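**Q** Sequence and predicted structure are below.
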Amino acid sequence: MFKLKPTVLALSSVIITTAVFASSHREAPNITRMPTLDSTDYYAFNSYEQGREGYVTMIANYIPLQDAYGGPNYFAMDPAAEYAIHIDNDGDAIEDISFTFNFTSMLAAENEGIALPVGPEGDQKMIKVPLKNVGPVSADDASAANFSEMYEMTMVTGPVRSGERTMLMPASGDMFGKPLDYIGNKTFTSMEEYERYAGQFVYNFSIPGCDDMGRVFVGQRKDPFVVNLGETFDLVNYVPVEGDSAPGAGDGNGFPGGITQSADNDDLADKNVTSIAVEVPSACVTGDGNGVIGSWTTASLPQARILNPDATFGKPEVNGGAMTQVSRLGNPLVNELVIGIGDKDKFSTSHPSGDGQFADYVTNPVLPELLNILFRDAVNTTLGASIETLAPTNFPRMDLVTAFLTGFEGVNQQATVTPSEMLRLNTGIPATPADQQSAFGVAGDDLAGFPNGRRPGDDVVDIALRVVMGRLCYPIPVNGEDTDLGLCTPDDASVGNVPFTDGAPLDASMIDTAFPYLATPKAGSE
């Protein structure tokens, strides 16, 4: 429908988020009751670790807002659930390849738990300890661990419920394991020692029909997402416009009273998540398509759960029935602030092939109207202006429809175009080294960044906030030249050229440069 230069088209697809402020932490009513299945962020990008050219990394984060000190049980995955990463490589909005993960929790001492002798000599009783470890744990000696998690990894070719399933195995060992969460430095000695311990849980694995091996890691990581979370959901309790002449300038010469960049604005700075990270050769997942893949993550549970009135560690409940999807995440922010609250649970259980039912949320997005209600009078007073509306007026928002549902020819449009919400990545666009990445992705003249996939260092909050308020109605710099995308005009977006921000900075320097990329989790105790 739109025939623009590929680079220009990529810039247009920034709109695909159509939302702002927070990613997918506790985004729908039902999923708040099941935090172990709550997907917080999903990333898909061409690997930029040195020597890993030709690989794609996909990271699905779960269990939001983890306090590092959250013992004594910390943050295990749900053993009844199936977690999955899906890939559509031909554009029909149906998965062609899925990697699924099923977890098993175990206690030490043959699943009975470690017991210690308690009582006077000659009259001692063996009493089970209440903790997940009874002493230091290290890469060299984990015998004091009282709890462990293992997982099975399966590759499904075709639809996830009916396709051909192949169990994958680690190149060394007989099962995949998950490290203990970062309990603290009395348990693990130091951050460096925890890194060495967790590093043992990066596995190579063979992929059916693929000459080269993949890598996988599942474990706790520092939450890479940054957001001014508390103030944002308190009716945006700050002025969401850059207060300096440039981010970090410290001169106060931006919008009067506007928020300025500071790590103090990141409410997730001390939070961890649990990551499922998979790296695979791109040639092994692109199929017969054009090299663009669409991907997303889901979590599912058996349809029925009956609680055990005499619960044990091994059998707290009985689960049965068909696997039922309860969580879904592709692009950031969609269910958080695009989908109406009455349809959030429906979106969580839906499939990309059925996304036409949510079209009105894209053609007539409500978020700009909310920001207009909150800030129009204050903006007019501050500027001495009489702006009629801060929200873009080009209805229906066909710019959003194009980017949100189809991708763009020559950049991230698949061989077959089926309107659907997926994170689209062109595997043929070379990765940008970490020290050259722009936090604004494609809009920052970095074609390898968001929305051409998403890297952990891409500041999707600021990108999305500016775009949803009409930035693309104004010329965008492409290779140093201002370029009119032809999607809408400045008259359609009264504040489209304003540097909106939540004041919480993010860039690639905050992310590791090697798989699994996300930083070491915060320690529960220093």
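**A** Noted; the coordinates are in hand.
**Q** Please name the nearest non-neighbouring residue to Asp484.
**A** Once flanking residues are discounted, Asp484 sits nearest to Pro475: 5.1 Å by Cβ to Cβ, 6 or more residues apart in numbering. (Glycine included, C-beta is placed from N, CA and C.)
**Q** doesn't Met126 fall inside a helix?
**A** No. Secondary structure of Met126 (DSSP: H, G, I helix; E, B strand; the rest coil): strand, not part of a helix.
**Q** Which strand residues bridge it?
**A** Met126 has the following beta-bridge partners by DSSP bridges: Pro117.
**Q** Can you get me a residue count around the residue nearest to Asp484?
**A** Neighbours of Pro475 under the rule other Cβ atoms under 10 Å: 13.
**Q** same deal with His86?
**A** Applying other Cβ under 10 Å, I find that His86 has 27 neighbouring residues.
**Q** what does the one 5 residues further on give?
**A** The tally of other residues near Gly91 (other Cβ under 10 Å) stands at 23.
**Q** List the contacts of it.
**A** Gly289, Val292, Gly294, Gln413, Gln414, Ala415, Thr416, Val417, Thr418 (Cβ atoms under 8 Å, 6 or more residues apart in numbering).
**Q** Report whether Met323 is found in a helix, as I expect.
**A** No. Assigned with three-state DSSP, Met323 falls outside any helix and is strand.
**Q** follow-up on the earlier one: check the contacts of Gly91 against Ala28 and report the nearest one.
**A** Gly294 (21.5 Å; Cβ to Cβ).
**Q** Flag the least confident of the contacts of Gly91.
**A** The lowest pLDDT within the contacts of Gly91 belongs to Gln413, with 84.
**Q** Helices of the chain, start to end?
**A** Ranges of helices within the chain are 6-12, 108-111, 185-188, 191-199, 229-233, 334-337, 344-349, 360-363, 367-383, 398-405, 460-468, based on DSSP state H.
**Q** Which one (most neighbours) among the contacts of Gly91?
**A** Neighbour counts for the contacts of Gly91 (other Cβ under 10 Å) peak at Gly294, which has 29 neighbours.
**Q** which residue packs closest to it, ignoring adjacent ones?
**A** Distances taken as Cβ to Cβ, 6+ apart put Met422 closest to Gly294, at 3.3 Å, once the chain neighbours are dropped.
**Q** surely that neighbour meets Thr298?
**A** No. Contact criterion Cβ atoms under 8 Å: Met422 and Thr298 do not qualify, at 11.8 Å.
**Q** Let's have the contacts of Gly91 in a markdown table, adding distance to Val326.
**A** Compiled in a markdown table, these are given as follows (distance: Cβ to Cβ, whole Å):
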| residue | distance to Val326 |
| --- | --- |
| Gly289 | 29 |
| Val292 | 28 |
| Gly294 | 21 |
| Gln413 | 30 |
| Gln414 | 27 |
| Ala415 | 31 |
| Thr416 | 29 |
| Val417 | 29 |
| Thr418 | 24 |
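**Q** Among those residues, which one lies nearest to Tyr203?
**A** Gly294 (26.0 Å).
**Q** Any idea what that closest one is bridged to?
**A** Beta-bridge partners, per DSSP bridges, of Gly294: Asp88, Arg424.
**Q** Could you pull up the residues touching it?
**A** 87-89, 91, 93, 330, 352, 407, 414, 420, 422-425.
**Q** Tell me the most packed of those, by neighbour count.
**A** Most crowded among the contacts of Gly294, counting by other Cβ under 10 Å, is Arg424 at 29 neighbours.
**Q** Read off the pLDDT value for Leu333.
**A** 80.
**Q** Also Asn185?
**A** At Asn185, pLDDT is 98.
**Q** how close does it get to Ala139?
**A** From Asn185 over to Ala139 the distance is 15 Å, taken as Cβ to Cβ, to the nearest Å.
**Q** Can you pull the phi/psi pair for the residue lying closest to Asp90 once chain neighbours are set aside?
**A** Using Cβ to Cβ, 6+ apart and skipping the chain neighbours, the partner closest in space to Asp90 is Gly289 (4.8 Å). Per-residue torsions, Gly289: phi -80, psi -160 (degrees, to the nearest 10).
**Q** Just the strands from the stretch 1-150 of the chain, written as ranges.
**A** 39-46, 55-67, 82-88, 97-107, 115-118, 125-128, 147-157 (DSSP state E, counting those that start in this stretch).
**Q** Contact partners for the closest residue to Glu82 other than its chain neighbours?
**A** Distances taken as Cβ to Cβ, 6+ apart put Ser300 closest to Glu82, at 4.9 Å, once the chain neighbours are dropped. Counting by Cβ under 8 Å, 6+ apart, Ser300 touches Leu37, Ala81, Glu82, Ala84, Met323, Thr324, Gln325, Val326, Ser327.
**Q** which non-adjacent residue is nearest Gly356?
**A** Nearest one to Gly356, counting by Cβ to Cβ, 6+ apart, is Pro419 at 6.1 Å.
**Q** And for that neighbour, the neighbour number?
**A** If we define neighbours as other Cβ under 10 Å, then Pro419 has 17 of them.
**Q** Could you report the distance from it to Pro352?
**A** 9 Å.
**Q** Need the residues touching each of those two.
**A** Each of Ala93 lies in contact with both Pro419 and Pro352 under the rule Cβ under 8 Å, 6+ apart.
**Q** OK, contacts around the residue nearest to Pro130 when sequence neighbours are not counted?
**A** The shortest distance from Pro130 to any non-neighbouring residue, by Cβ to Cβ, 6+ apart, is to Pro72 (6.4 Å). Counting by Cβ under 8 Å, 6+ apart, Pro72 touches Pro130, Leu131, Lys132.
**Q** per-residue confidence for Pro72?
**A** For Pro72, pLDDT reads 96.
**Q** same deal with Phe21?
**A** 38.
**Q** just Cys473 next, same as before
**A** 84.
**Q** what about it, how many residues close to it?
**A** 24.
**Q** and what of Glu53?
**A** 12.
**Q** For it, grab phi and psi.
**A** phi -60, psi 140.
**Q** okay but it is in contact with Ser47, surely?
**A** Yes. With contacts counted by Cβ under 8 Å, Glu53 reaches Ser47, the gap being 7.4 Å.
**Q** Quick check: neighbours shared by these two?
**A** Taking Cβ under 8 Å, 6+ apart as the contact rule, the neighbours common to Glu53 and Ser47 are Ala431.
**Q** Output the below-cut-off pLDDT ranges for this structure.
**A** Where the chain drops to pLDDT under 70, the residues are 1-24, 399, 402-403, 478-479.
**Q** Quick check: the gap between the residue of it positioned farthest from its centre and Glu388.
**A** Distance from the centre of the chain peaks at Gly122, with 55.9 Å (Cα atoms, centre = their mean). Using Cβ to Cβ, we find Gly122 at a distance of 88 Å from Glu388.
**Q** do the same with Thr40
**A** If you go by Cβ to Cβ, the gap between Thr40 and Glu388 works out to 38 Å.
**Q** measure Arg397 to Gly486 for me?
**A** Counting by Cβ to Cβ, the gap from Arg397 to Gly486 is 15 Å.
**Q** okay, these two: which has more neighbours?
**A** Arg397 (24 against 13).
**Q** Nearest residue to the more buried one in space, please, no chain neighbours.
**A** Spatial nearest neighbour of Arg397, excluding adjacent residues (Cβ to Cβ, 6+ apart): Thr363 at 5.4 Å.
**Q** just to revisit the earlier point, just the closest of the contacts of Gly91 to Asp343, please.
**A** Looking across these and measuring by Cβ to Cβ, the closest to Asp343 is Thr418, at 20.6 Å.
**Q** wait, the closest one sits on Asp90?
**A** No. With contacts counted by Cβ under 8 Å, Thr418 stays clear of Asp90, the gap being 9.3 Å.
**Q** need the contacts of Gly294 in JSON lines with distance to Ala304, can you?
**A** Below are these laid out as JSON lines (distance: Cβ to Cβ, whole Å):
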{"residue": "Ile87", "distance to Ala304": "30"}
{"residue": "Asp88", "distance to Ala304": "30"}
{"residue": "Asn89", "distance to Ala304": "34"}
{"residue": "Gly91", "distance to Ala304": "35"}
{"residue": "Ala93", "distance to Ala304": "29"}
{"residue": "Gly330", "distance to Ala304": "28"}
{"residue": "Pro352", "distance to Ala304": "26"}
{"residue": "Gly407", "distance to Ala304": "38"}
{"residue": "Gln414", "distance to Ala304": "37"}
{"residue": "Ser420", "distance to Ala304": "30"}
{"residue": "Met422", "distance to Ala304": "30"}
{"residue": "Leu423", "distance to Ala304": "32"}
{"residue": "Arg424", "distance to Ala304": "36"}
{"residue": "Leu425", "distance to Ala304": "36"}
